[in-house]
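Visitor: Structure, please.
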Amino acid sequence: GIGVEGLKYSQNLGTLWRSALNFGADFIFTIGKRYKHQASDTVKAQRHIPFYEYPAFEDFYKHIPKDCRLIGVEERDEVHDLKLFIHPERAVYLLGAEDQGLTQRALSYCKDVIRITSHFCLNVSVAGAIVMYDRQNKIS
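Guide: Have a look, this model is predicted:
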């Protein structure tokens, strides 16, 4: 699964949902909804992949599927580079909000934190797509 904590812009949800469908995710989610409506899911991914909304991190964390590793995706120097990261068989990837990143609380629960090396910060849905693409290529 893949999702965003504190998602700010609804169009990023639709784009992430579409990418999740294309790259084989089993579900997507948001924690702490801040957006109003999403319209960028042009392939109607909601018909094919479940979406969960959690009001707070604690609610999300108690619903992570058994034996799944929580992997944070965050732009930090002291974390694993995605290029070298070995994806676990069962994982849930958590991205931070466009303007705030992951909360310290969320980071403290992540088993691993990975970063995508780039010249500038990436759009959250683009970062999610890159992580899913990397996972698909390394696990297939």
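Visitor: Going by C-alpha atoms from here, please, whenever you check contacts or count neighbours.
Guide: OK.
Visitor: can you pull the pLDDT of Glu75?
Guide: As predicted, Glu75 sits at a pLDDT of 88.
Visitor: neighbouring contacts of stretch 91-110?
Guide: 1-9, 57, 64, 68-74, 113, 123-124, 128 (C-alpha atoms under 8 Å, 6 or more residues apart in numbering).
Visitor: Now do the same for the residue located most distally from the centre of the chain: its pLDDT.
Guide: Distance from the centre of the chain peaks at His119, with 20.5 Å (C-alpha atoms, centre = their mean). His119 is assigned 90 on the pLDDT scale.
Visitor: cool, Lys33 as well?
Guide: Lys33 carries a pLDDT value of 76.
Visitor: still on that earlier bit, could you give the backbone dihedrals for the residue farthest from the centre of the chain?
Guide: Dihedral pair for His119: phi -70, psi -30, per degrees, to the nearest 10.
Visitor: just the helices in this structure please.
Guide: 10-22, 57-61, 104-109, 124-139 (DSSP state H).
Visitor: List of residues touching the last one?
Guide: Read that as helix 124-139. Contacts for helix 124-139 (C-alpha under 8 Å, 6+ apart): 2, 12-13, 15-16, 19-20, 23-25, 82, 86-87, 89, 95-98, 116.
Visitor: again, only this time at 7 Å
Guide: Contacts to helix 124-139, defined as C-alpha atoms under 7 Å, 6 or more residues apart in numbering, come from residues 12, 15-16, 19, 23, 87, 95, 98.
Visitor: now the second one
Guide: With contacts defined as C-alpha under 7 Å, 6+ apart, helix 57-61 is touched by 31, 54, 106.
Visitor: Need those in JSON lines (columns: neighbour count).
Guide: Below are those laid out as JSON lines (neighbours: other C-alpha atoms under 10 Å):
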{"residue": "Ile31", "neighbour count": "23"}
{"residue": "Tyr54", "neighbour count": "16"}
{"residue": "Ala106", "neighbour count": "18"}
